[in-house]
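K.L.:
Provided below are the primary sequence and the corresponding predicted coordinates.
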Amino acid sequence: MSSILGFLGPPGSFTEEISLKYSRNNSPLILQEYKAIDELMEDVDAGLIEMGIVPVENSLEGSVNITLDMFVQLDVYIYTELIYPISHCLMALPGIELEDIKDLYSHVQAFSQCRKYLKARMPSVTQFPMESTAMAAEKISVLGGARAAIAPRRAAKLFGLEILASDIQDGYGEEDKTNLTRFVVISSHDHSLTGTDKTSIIFSIKDSPGSLYHILGVFAENGINLTRIESRPARKRLGEYLFFVDFEGHREEKKNMRALKLLEDQLKYLKMLGSYPSVYLPSGS
């Protein structure tokens, strides 16, 4: 029996692109399009679909806040982490040249990730934010005229557009175009131990001097390497925060079990997001 894998659409989005790659290696999976991250995650939580793929973090622009906030609200788990290189392309209808473009459509994250290119090559265009990069490509294919979109290469093929420039995303040097996005496969359960795992948790600390210092000390004392820590407002009162933490190893490993047990006694709130393997997926077809 096939399982349903939800992705953030429309077709031509980066999430669809990575979902197609993931489904090829994990068949049988049926892809189902969603218009919003929260709707997708809610359907996984409700058991309406088995899995979904959502973006969590980008190496240039940081975390996807709606994904983190939904992890707090819902009972879903991270099943697999997918690291994917993002290549942004500038595209328009055939016959449109770079100097013709007056209006530019894309997702706000794409605009931010291509800031240097846009400032240098397209400083006077008007930017129109869209719900996704693929939706931007679809929009200009319908509207026509002196319009362009920043979107994945696959979107140009789907909507009959020509690519005017490739790899326009920012980097940290002239030759460095590294732009990685961390996606996660979410499910009703996490992954069994593989030996090369990570674990993610959410917690809040008690309001006392040195609380965070002592919590981080639990990881250090047990020889656990933290790979990421980030705070988000708890959405309850000013000054109250939730901490999102990733660390090496599976939650069923002895030292991690010991550390998590100690944390339960010291924290105000602790939620397990799951243990999972991390996979790098190369770009391209």
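P.N.:
Nice, thanks for sending it over. Numbering: from 1, shown residues only.

K.L.:
tell me the contacts of residue 144?
P.N.:
For residue 144, the residues meeting the contact criterion (CB atoms under 8 Å, 6 or more residues apart in numbering) are residue 93. The C-beta positions use only the backbone N, C-alpha and C, and glycine is treated the same way.

K.L.:
dihedrals phi and psi, it?
P.N.:
For residue 144, the backbone dihedrals are phi 70, psi -170 (criterion: degrees, to the nearest 10).

K.L.:
state the distance from it to residue 159.
P.N.:
Here the distance between residue 144 and residue 159 works out to 12 Å (CB to CB, to the nearest Å).

K.L.:
same check on residue 274?
P.N.:
36 Å.

K.L.:
the longest strand seen in the chain pairs with which strands, parallel or anti?
P.N.:
Scanning the chain for the strand with the most residues, using DSSP state E, yields strand 269-280. Paired strands of strand 269-280, with direction, are strand 77-85 (parallel), strand 197-204 (antiparallel) (DSSP bridges).

K.L.:
closest to residue 134 out of these?
P.N.:
Across these, the minimum distance to residue 134, taken as CB to CB, is reached by strand 77-85, at 15.1 Å.

K.L.:
in its sheet, what does the helix or strand following that closest one sit against?
P.N.:
Helices and strands here follow DSSP states H and E; after strand 77-85, the next one along the chain is strand 89-92. Paired with strand 89-92 in the same sheet, following DSSP bridges, are strand 147-151 (antiparallel), strand 162-165 (antiparallel).

K.L.:
hey, C-alpha coordinates of strand 89-92 in PDB?
P.N.:
What follows is the C-alpha trace of strand 89-92 in PDB, where atoms were taken according to Å, rounded to 0.1, in the frame of the first residue of the first chain:
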ATOM      1  CA  CYS A  89      17.400  31.000 -11.300                       C
ATOM      2  CA  LEU A  90      16.100  34.200 -12.900                       C
ATOM      3  CA  MET A  91      13.500  33.400 -15.500                       C
ATOM      4  CA  ALA A  92      11.100  35.100 -17.900                       C
END
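
K.L.:
what average pLDDT does it get?
P.N.:
Confidence over strand 89-92, taken as the mean pLDDT, stands at 98.

K.L.:
how about the residue nearest the centre of the chain, nearest residue that isn't a chain neighbour?
P.N.:
Ranked by distance to the mean C-alpha position of the chain (CA atoms, centre = their mean), the top residue is residue 55 at 1.7 Å. In space, not counting the residues next to it along the chain, residue 55 is nearest to residue 64; the distance is 4.8 Å by CB to CB, 6 or more residues apart in numbering.

K.L.:
distance to residue 69 added to the strands paired with strand 269-280, as a markdown table?
P.N.:
Converted to a markdown table, the strands paired with strand 269-280 look like this (distance: least, CB to CB, whole Å):
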| stretch | distance to residue 69 |
| --- | --- |
| strand 77-85 | 15 |
| strand 197-204 | 11 |
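
K.L.:
would JSON lines of those with distance to residue 92 and mean neighbour count be doable?
P.N.:
JSON lines is the format used below for these (distance: least, CB to CB, whole Å; neighbours: other CB atoms under 10 Å):
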{"stretch": "strand 77-85", "distance to residue 92": "24", "mean neighbour count": "21"}
{"stretch": "strand 197-204", "distance to residue 92": "40", "mean neighbour count": "21"}
